[in-house]
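>>> Got a predicted structure plus its sequence, pasted below:
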Amino acid sequence: MSFEMGSFIELEYPNGKEYYKGDNVVRLNSGRTAIYHSIKSYNCKKVYLPIYQCETVKDFLIKKRIEIEFYTIDENFIPKMDTNEEDSCMIIVNYCGIFSTQYIKNIADKYKNVIIDNSQAFFSKPLENCLNVYSARKFFGVPDGAYVVGKPYLYSDDMYEDDHSSDTSLFLMQRIEYGCEGKAYASRTLNEERIDNSDIKNMSKFTRYLLDGIDYENVKKKRIENFNVVRSMLKEKNILDIDKYFDEDCVPMVYPFMIENENLLDYLLENKHFQGNWWRYILDITSKNSMEYRLSKYMIPLTIDQRYTAEDVKILCDKILKFI
């Protein structure tokens, strides 16, 4: 775009704060395309993918003719496979952002051509000798956007066309005025459809503009504070022993609360706490005693993000404790 001067004033935002920048950083349009780019970077045509994963990743890779083999995880989220072939990739997911760098490294060291899916762990430190994928919209008010950090570095500015996200970003402003239901939800659905129908593209200028103005240190501080409040209040009721994986450097996406009570989620929704199980389709393809089945059926990812105060999440926890 040529230099423009005059006319109306655009949205003004701080700049210069982007979290991932410099050498070996690729900016793309979504987490699933970032995973695909990582596979290309390793020059592999086969990937090992966890069953407990968003199906949009699987669907996109199939569309790109990547051979997929699925693996299961044990009760500690560790893959139930010893190793993978030299010409294949291994995707390891940092679920909910609760895995410490060392915990992820201990898993990754067993495999070849590792892709760390940090879509749920934006602030997790990139591991050396791996490709690390980060998704922006799971942590911040942006329409899309993802990063690939690490080597092998396969990228040039003209490799992909630029994405354009401003046309379907109205939901971000409508959420402020109307809340997350009604108009805002309908607008967000249009944005999701755009992402679902998109090929791999460069991150849009609008998304990068927004990401360049975020106060990342404040986001980290609030998420950690809220997570610790929820953890202290619900720890004794949680089937998952999060302390086994977590350390002080983790900045989670959510608090994974697992309890064998199928009515809790409905209760929260009735009280306008918009939580939800992840990836319910997994119930139809796994056995009832598998970790994947139990996570999909019973785990509720509780909101702990930077929009809320410690008092807000205490109210949520109080309601949960009262109900159970």
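In hand now; what should we look at?

>>> From here on, just use CA atoms for contacts and neighbour counts.
OK.

>>> any idea which helix or strand comes after the least confident helix or strand in the chain by mean pLDDT?
Using mean pLDDT, DSSP states H and E, helix 264-270 stands out as the lowest-scoring helix or strand of the chain, at a mean of 90. Toward the C-terminus, helix 264-270 is succeeded by helix 291-298 as the next helix or strand (DSSP states H and E).

>>> Counting by contacts, list what that following helix packs against.
For helix 291-298, there is no helix or strand it packs on, judged by 3 or more Cα pairs under 8 Å, 6 or more residues apart in numbering; DSSP states H and E.

>>> And for Ser296, the neighbour number?
Neighbourhood size, Ser296 [other Cα atoms under 10 Å]: 19.

>>> ah, wrong one, I meant Phe227
Phe227 has 22 nearby residues by other Cα under 10 Å.

>>> so it makes contact with Pro256?
No. Contact between Phe227 and Pro256 fails when scored by Cα atoms under 8 Å: they sit 9.9 Å apart.

>>> This protein: strands as residue ranges?
25-28, 46-50, 67-71, 88-93, 114-117, 131-135, 146-149, 254-258, 299-303 (DSSP state E).

>>> Can you lay out the ones you listed as CSV showing distance to Asp196 and mean pLDDT?
Shown next, in CSV, are the strands of the chain (distance: least, Cα to Cα, whole Å; pLDDT from 0 to 100):
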stretch, distance to Asp196, mean pLDDT
strand 25-28, 14, 97
strand 46-50, 19, 98
strand 67-71, 19, 98
strand 88-93, 21, 98
strand 114-117, 19, 98
strand 131-135, 15, 98
strand 146-149, 14, 98
strand 254-258, 23, 97
strand 299-303, 23, 95
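
>>> a markdown table for the ones you listed, including distance to Leu240 and mean neighbour count?
As requested, the strands of the chain are exported to a markdown table (distance: least, Cα to Cα, whole Å; neighbours: other Cα atoms under 10 Å):
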| stretch | distance to Leu240 | mean neighbour count |
| --- | --- | --- |
| strand 25-28 | 33 | 22 |
| strand 46-50 | 19 | 21 |
| strand 67-71 | 21 | 14 |
| strand 88-93 | 17 | 23 |
| strand 114-117 | 21 | 26 |
| strand 131-135 | 24 | 28 |
| strand 146-149 | 29 | 27 |
| strand 254-258 | 6 | 23 |
| strand 299-303 | 9 | 21 |
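
>>> Reformat the ones you listed as a markdown table; add distance to Asp162.
As requested, these are exported to a markdown table (distance: least, Cα to Cα, whole Å):
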| stretch | distance to Asp162 |
| --- | --- |
| strand 25-28 | 9 |
| strand 46-50 | 26 |
| strand 67-71 | 27 |
| strand 88-93 | 26 |
| strand 114-117 | 23 |
| strand 131-135 | 17 |
| strand 146-149 | 13 |
| strand 254-258 | 31 |
| strand 299-303 | 32 |
